[in-house]
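Please find the sequence and the predicted model below.
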Amino acid sequence: MAVFKGAGVAIVTPMKENLDVNYDKLEELIDEQIAGGTDAIVIVGTTGESSTMTEEEHIDVIRACVKFTKHRVPVVAGTGSNCTRTAICLSKEAEEAGADALLVVTPYYNKATQQGLIAHYTQIAQSVKAPIIMYNIPGRTGCNLLPQTVAHLYNNVENIVGLKEATGNMAQAYKTLDLTDGKLEMYSGEDGLILPMLAIGACGVISVWSNIAPADVHNLCQRFFDGDIEAARQIQRKGLPLIDALFSEVNPIPVKKALNLMGKEVGSLRAPLCEMEEANAKKLAEAMRTYGLLG
């Protein structure tokens with residue numbers, strides 16, 4: 001059984017004016033996501049600004065998310081690091097906090113070999129019982145988790161169950177699924193490729209787009225599962241200009257801007273991330289108006 005099937009939101013971490021985590025606002029956002037049909041909450045990932053949190057903050061946010069979600073949908077906690085020992089520590093803490101699964105990004109900057117990646121993920125998985133979804137995003141990490149490596153880990157480590165696939169390489173994604181006999185739980189890491197990824201066998205998406213349109217992303221997946229491919233295609237097609245605007249600058253800069261434009265008051269970003277450039281912000285606002293999110 002999959003950790004979740006459908007749309008998991010890579011939720012933002014709202015901040016106060018002093019850039020402390022705004023837990024009251026996080027609870028609001030989680031309630032709104034669940035009311036909108038989101039199938040899982042993915043907390044302290046890239047979109048959640050995990051890279052600028054202390055380890056203590058990281059775990060506190062996971063604990064809060066588990067508390068606020070109240071078992072209504074699964075909580076997937078980001079616990080990756082470029083240090084294996086740190087990832088093990090975060091993973092143990094997240095499991096103890098009640099996370100249903102762990103999202104573990106490939107180690108960034110180090111540029112580990114494929115053997116190093118096998119050792120990294122195996123050691124993390126052996127330290128916990130929670131299911132692990134690996135996360136492959138070489139554009140941000142400089143490290144590509146190859147299909148043969150994914151298959152080795154999936155076939156040899158019991159609680160490594162899935163992959164968030166964000167290479168943008170459909171051939172690689174398909175080969176990965178083929179080498180695992182289609183049993184690997186694959187999630188699209190690209191909002192613009194949700195439908196194509198579902199078509200080759202993915203079971204859902206971990207989505208930035210869901211932050212501002214949870215019902216649409218859930219419905220895209222559900223329509224596909226129901227066999228209404230045309231309805232799913234129309235949702236994906238409608239979303240493409242908005243998705244382009246959401247990635248016109250590095251994530252999560254645009255999505256936080258979008259939420260603030262919607263009156264959600266999620267605050268600013270921690271350095272080195274900065275506010276969106278004015279020209280791109282105008283394009284984002286226009287895309288949101290066209291989509292129907294702004295008047």
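In hand now; what should we look at?

Quick check: the gap between Asn156 and Ala112.
Here Asn156 is placed at a distance of 18 Å from Ala112 (Cβ to Cβ, to the nearest Å). No exception for glycine: its C-beta is placed from N, CA and C like everyone else's.

neighbour-wise, which of these two wins?
A direct count of neighbours by other Cβ atoms under 10 Å for Asn156 and Ala112 places Ala112 higher, at 20 against 11.

Which residues are in contact with Asn136?
Asn136 is in contact with 106, 144-145, 150, 163-167, 189, counting by Cβ atoms under 8 Å, 6 or more residues apart in numbering.

so which of these is the most crowded?
Within those, most neighbours by other Cβ under 10 Å means Glu165, with 31 neighbours.

Who are the contact partners of it?
136, 172-173, 176, 186-190, 197, 202.

Tell me which stretches of the stretch 151-295 of the chain form strands.
Counting by DSSP state E, counting those that start in this stretch, the stretch 151-295 of the chain has strands at residues 160-165, 185-188, 204-207.

got a pLDDT number for the residue nearest to Gln114 when sequence neighbours are not counted?
What sits nearest to Gln114 in space, not counting adjacent residues and going by Cβ to Cβ, 6 or more residues apart in numbering, is Thr149, at 4.7 Å. pLDDT recorded at Thr149 is 98.

so Thr149 makes contact with Leu117?
Yes - counting by Cβ atoms under 8 Å, Thr149 touches Leu117, with 5.7 Å between them.

In the helix or strand containing the residue nearest to Gln114, which of the residues would be classed as buried?
Element membership of Thr149 [criterion: DSSP states H and E] is helix 147-156. With burial defined by 16 or more other Cβ atoms under 10 Å, the residues of helix 147-156 counted as buried are 147, 149-154.

and of those, the nearest to Asn82?
Top of the list for closeness to Asn82, among these and by Cβ to Cβ, is Thr149 at 17.0 Å.

mind checking how far the closest one is from Gln234?
Applying Cβ to Cβ, the value for Thr149 to Gln234 is 36 Å.

Ok, Ala202 next?
Here the criterion is Cβ to Cβ. By it, Ala202 lies 19 Å from Gln234.

mind checking pLDDT for Val76?
Predicted confidence (pLDDT) at Val76: the value is 98.

actually Lys175, not the one I typed
Looking at Lys175, its pLDDT is 98.

Chain neighbours aside, what residue packs nearest to it?
Nearest non-adjacent residue to Lys175, counting by Cβ to Cβ, 6+ apart: Pro147, 4.4 Å away.

Would you mind measuring from that neighbour to Leu177?
From Pro147 to Leu177 the distance is 9 Å (Cβ to Cβ).
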